[in-house]
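Asks: coordinates only, no sequence provided:
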């Protein structure tokens with residue numbers, strides 16, 4: 001930054017507070033206008049812990065970093081093809097993922113995003129959300145729990161067939177099956193309250209991963225071993241109280257002491273869906289294409305990691321609403337730079353020689369000279385640095 005030394009905390013707060021909401025929304029609208037129109041947008045939320053008692057949206061909720069602190073939630077929309085963030089929203093810390101989708105749809109409409117396509121994980125699945133997506137004519141890919149009745153009724157008849165060689169993908173190392181289903185669409189008319197029902201076409205993509213199934217079974221057996229040891233020792237864990245009776249019949253005799261009989265039916269029921277997962281889409285008919293698009297949402301997980309680790313957003317570290325709003329916006333701009341550099345490095349195979357920080361360090365030694373009343377000019381730029389700038393899409397001025 002141009003100050004030459006660290007910015008005092010008070011000055012940082014003043015700078016953050018000076019960023020107005022209208023200016024931020026205008027930036028988002030311009031940013032949305034530049035996005036790739038046909039790309040899918042990944043949507044997810046993360047929690048940012050806070051010690052502040054003055055920020056209204058700091059609440060106790062499900063902390064995704066497993067910290068016992070109050071928090072705000074941060075929702076981020078990310079371009080699947082451009083690999084760039086599109087916009088974000090600050091949310092109260094006690095909101096669940098599933099409740100945020102309808103507000104997201106209003107925001108996307110406000111920002112002028114047309115032909116929206118969203119990728120979301122199963123934390124956002126609900127009948128109301130699916131109906132809202134259909135109502136707004138948005139395309140989507142969303143994960144659904146295989147325990148849902150809608151999915152079970154289509155999964156049970158094809159479990160054996162989908163594990164055959166004909167339904168195996170060597171590239172993805174899993175089995176797959178796809179079918180067209182009808183979604184029971186419902187829309188409540190605002191003025192009359194009348195509920196209109198109809199059927200909408202949807203594609204159900206089912207997958208089975210043998211390795212995941214094996215890992216889940218091992219995890220269950222490890223749990224059963226712990227439960228058995230606790231029951232036999234008499235040192236019980238209150239958190240496991242329901243699990244004891246779910247998986248074991250416990251009997252006591254004066255001679256043999258405690259006898260445990262596994263409830264095999266309960267164990268079989270738990271293992272039944274291991275390794276299976278499902279995606280629902282009103283757009284993508286090909287199951288493996290839908291899977292690739294869904295997996296691309298890992299970009300957003302990396303973005304959250306960059307925000308918290310590289311950009312120091314593990315804590316809010318501000319005490320007022322205005323400072324927090326400004327800080328989040330500055331962090332978002334910084335994330336755009338990081339995302340752009342990361343994408344350029346991947347496209348040019350620069351990670352074979354550099355880490356992201358290593359590349360920035362390579363360019364950080366270039367100095368700029370400023371003289372009063374004259375144009376500033378750069379110090380020496382080596383051929384190597386010039387080549388790096390070109391690969392990053394930056395014009396090098398002589």
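Replies: Ah, there it is. Treat the numbers as computed from the prediction; the structure is a model and nothing was measured. Numbers count the residues shown, from 1 in each chain.
Asks: in the stretch 201-350 of the chain, where is pLDDT below threshold?
Replies: 319 (pLDDT under 70).
Asks: show me where it has helices.
Replies: 210-233, 241-247, 264-271, 287-295, 298-305, 321-347 (DSSP state H, counting those that start in this stretch).
Asks: buried sites along the fourth one?
Replies: Taking 16 or more other CB atoms under 10 Å as the basis for neighbour counts, the residues of helix 287-295 that come out buried are 287-288, 290-291, 293-294. C-beta here means a position set from N, CA and C on the backbone, and glycine is covered the same way.
Asks: distance from it to the middle of the chain?
Replies: How far helix 287-295 lies from its chain's middle: 15 Å, per CA atoms, centre = their mean, to the nearest Å.
Asks: same question for the fifth one.
Replies: The gap between the average C-alpha position of helix 298-305 and the chain average comes to 7 Å, counting by CA atoms, centre = their mean.
Asks: so which strand or helix has the most centrally placed residue in the chain?
Replies: Centroid check for the chain by CA atoms, centre = their mean gives residue 44 as the closest residue, at 3.8 Å. Using DSSP states H and E, residue 44 sits in strand 41-49.
Asks: could you point out which element follows that strand?
Replies: As assigned by DSSP H and E, the chain's next helix or strand after strand 41-49 is strand 71-79.
Asks: quick one: furthest residue from the center of this protein?
Replies: Most peripheral residue of the chain (CA atoms, centre = their mean): residue 255, 55.4 Å.
Asks: related to what we said a few turns ago, CSV for the helices of the stretch 201-350 of the chain, including distance to residue 137?
Replies: Output for the helices of the stretch 201-350 of the chain, formatted as CSV (distance: least, CB to CB, whole Å):
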stretch, distance to residue 137
helix 210-233, 35
helix 241-247, 44
helix 264-271, 39
helix 287-295, 19
helix 298-305, 24
helix 321-347, 28
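Asks: residue 21 is nearest to which of these?
Replies: helix 321-347 (7.3 Å; CB to CB).
Asks: tell me what that closest one is packed against?
Replies: helix 9-17, helix 21-34, strand 85-92, helix 356-364 (3 or more CB pairs under 8 Å, 6 or more residues apart in numbering; DSSP states H and E).
Asks: go ahead and measure how far that helix is from the middle of the chain.
Replies: 16 Å.
Asks: for stretch 276-284, same thing?
Replies: 17 Å.
Asks: ok, residues contacting it?
Replies: Outside stretch 276-284, the residues within contact range by CB atoms under 8 Å, 6 or more residues apart in numbering are 117, 125, 130, 133-134, 139-146, 148, 151, 155, 183, 200-209, 213, 287, 290-291, 293-294.
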